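Colleague: next comes the sequence, and after it the predicted model I'd like to discuss.
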Amino acid sequence: MAATPNVETRSPLTILNNLPKEHEKAIKQAFYNTAANLFVLFACIAAIAVYFILEAFLKPLLWAVLCGAFLYPFKNSLTRALRSWLNALHKSQTPFLVGLVITPIKCVDGTIDHVCNAILARIKVVVCACLVVPSVYLLWHFGPLWGIFFFVKGSFICLYDVLEYFGSFWV
């Protein structure tokens, strides 16, 4: 049997057959990058062409997007709220005009309840804010700045002296 000659396993589609085999991977990568760049370029050109075609309809399209994205969910939630209100009026057999007059009062009552519950849940923060904000305002506007500084400094010195009596020397 005759020995078969050494057959190269290179791709038959390689354009530059005379390049060394170790450069084939880099060339393939370069062709892939070029193809990807051309695809992005054609996509941008197509997007620009679509823009020029739809330019006359751009304002109505933007209004349609606005209505679809923002106004429809608002309208949907408002419709659900009004239907539930009307169903509640129907179940309680309240006349429409009486329900219409009482609704703002109920809204104010519910708002007051929510605000009072929120304040009571954070009562420490509210009390601290009610004490700190006016005192800072009074100190800032009615006390000289250096006087405030020396008062705070004297307070810290006095506190340090009081705490010194509880040190290891006296105890």
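Modeller: Arrived safely.

Colleague: residue nearest the centroid of the protein?
Modeller: Closest residue to the average C-alpha location of the chain: residue 70 at 16.7 Å, with Cα atoms, centre = their mean.

Colleague: which ones are touching that one?
Modeller: Contact analysis of residue 70 by Cβ atoms under 8 Å, 6 or more residues apart in numbering lists nothing. Placement of C-beta: from N, CA and C, glycine included.

Colleague: for the protein, longest helix please?
Modeller: Longest helix in the chain by number of residues (criterion: DSSP state H): helix 24-54.

Colleague: check which element follows that one along the chain.
Modeller: Next helix or strand after helix 24-54 toward the C-terminus (DSSP states H and E): helix 58-66.

Colleague: what score does residue 51 have for pLDDT?
Modeller: Looking at residue 51, its pLDDT is 89.

Colleague: please name the residues that touch it.
Modeller: With Cβ under 8 Å, 6+ apart, residue 51 has no contacts at all.

Colleague: ok, the one 10 residues further on next?
Modeller: With contacts defined as Cβ under 8 Å, 6+ apart, residue 61 is in contact with residue 54.

Colleague: begin at 16 from here
Modeller: Noted, 16 is the first residue going forward, which turns the last one into residue 76.

Colleague: many thanks, I have nothing further to ask.
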